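>>> heads up, no residue letters with this:
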């Protein structure tokens, strides 16, 4: 793992098992490296898409925090459109204002709202003395194609203000139809501004889960010592859960009559399953997490109901 991608402490200050912020995963690192390359090479826009619940929004938040460390003189702003389907430029810009932590009245006319959004971005970038500006648009599939010029205009005006902009959009598989349409109809402005680079965001392989547990553990059984000190003294580590998780996934696939060449587990289901295992270990010092217990934790998280959507056959 690259050191510059690791976000300090692995534990939530409030005592939980996961930090109260996006955490590192191998897939996050892989895509962060791709995005950093896009930005450094000055692609105007790149798109990352993947099926639901694999961790794309976690990635968006992570890249917002980490990209300035990966590329000095870079600022990132995230605009989330989850469960929102704006129908006007004004609606898009009001959402952007909220994402910029602005609660002040922005006026009603388009020019006033636009000027406020642009002004806030420019002011923050100048205060940080950055060169590059990355606008992260999460859930792009919720924004109609005809409203893309709102972001294209922001990028153009940021360039005019002396910055190098990059639009990183993140979406679900239905974005493929929008992208195909752009290429079929030769929408060169849209392609150039949004889709110069494209990558698929995947769930976690079994090997990824093992790497995630290793990263969570830290040096010298740090995680296990903090949460399960008796087990740590006996030399046990949370990294040993990887084998039980692999056996549990194999069992779930068999139960569902699935023959998979690759399994990519969605982080939104893996996280509560891991929490369930950790809580079980904390409640009973004599307990173990074998394949049956790991499988029960995954079923408690509901993974067995959706697993077929996350395997390649």
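Happy to help now that I have it. Since we're looking at a predicted model, the values are computed, not measured. Numbering: from 1, shown residues only.

>>> Quick check: beta-bridge partners of residue 137?
Beta-bridge partners for residue 137, by DSSP bridges, are residue 79, residue 169.

>>> can you count the residues close to it?
26 (other CB atoms under 10 Å). All C-beta spots, glycine's among them, are computed from the backbone N, C-alpha and C.

>>> going forward can the numbers begin at 9, since that is how I track them
Right, with 9 as the first residue, what we last looked at is residue 145.

>>> show me what contacts it?
Residues near residue 145 by CB atoms under 8 Å, 6 or more residues apart in numbering: 87, 89, 151, 159, 175-178.

>>> for residue 237, same thing?
Listed by CB under 8 Å, 6+ apart, residue 237 has no contact partners.

>>> any idea how far it is from residue 290?
11 Å (CB to CB, to the nearest Å).

>>> Also residue 255?
22 Å.

>>> same thing with residue 171?
From residue 171 to residue 290 the distance is 48 Å (CB to CB).

>>> Would you mark the buried spots in the helix or strand containing residue 135?
Using DSSP states H and E, residue 135 falls within helix 118-136. Neighbour-count burial for helix 118-136, counted by 16 or more other CB atoms under 10 Å, picks out 121-122, 124-126, 128-130, 133.

>>> Distance to residue 219 and pLDDT added to those residues, as JSON lines?
Below are the buried residues of helix 118-136 laid out as JSON lines (distance: CB to CB, whole Å; pLDDT from 0 to 100):
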{"residue": "121", "distance to residue 219": "44", "pLDDT": "94"}
{"residue": "122", "distance to residue 219": "43", "pLDDT": "96"}
{"residue": "124", "distance to residue 219": "43", "pLDDT": "94"}
{"residue": "125", "distance to residue 219": "39", "pLDDT": "96"}
{"residue": "126", "distance to residue 219": "41", "pLDDT": "97"}
{"residue": "128", "distance to residue 219": "38", "pLDDT": "96"}
{"residue": "129", "distance to residue 219": "35", "pLDDT": "98"}
{"residue": "130", "distance to residue 219": "39", "pLDDT": "98"}
{"residue": "133", "distance to residue 219": "34", "pLDDT": "98"}
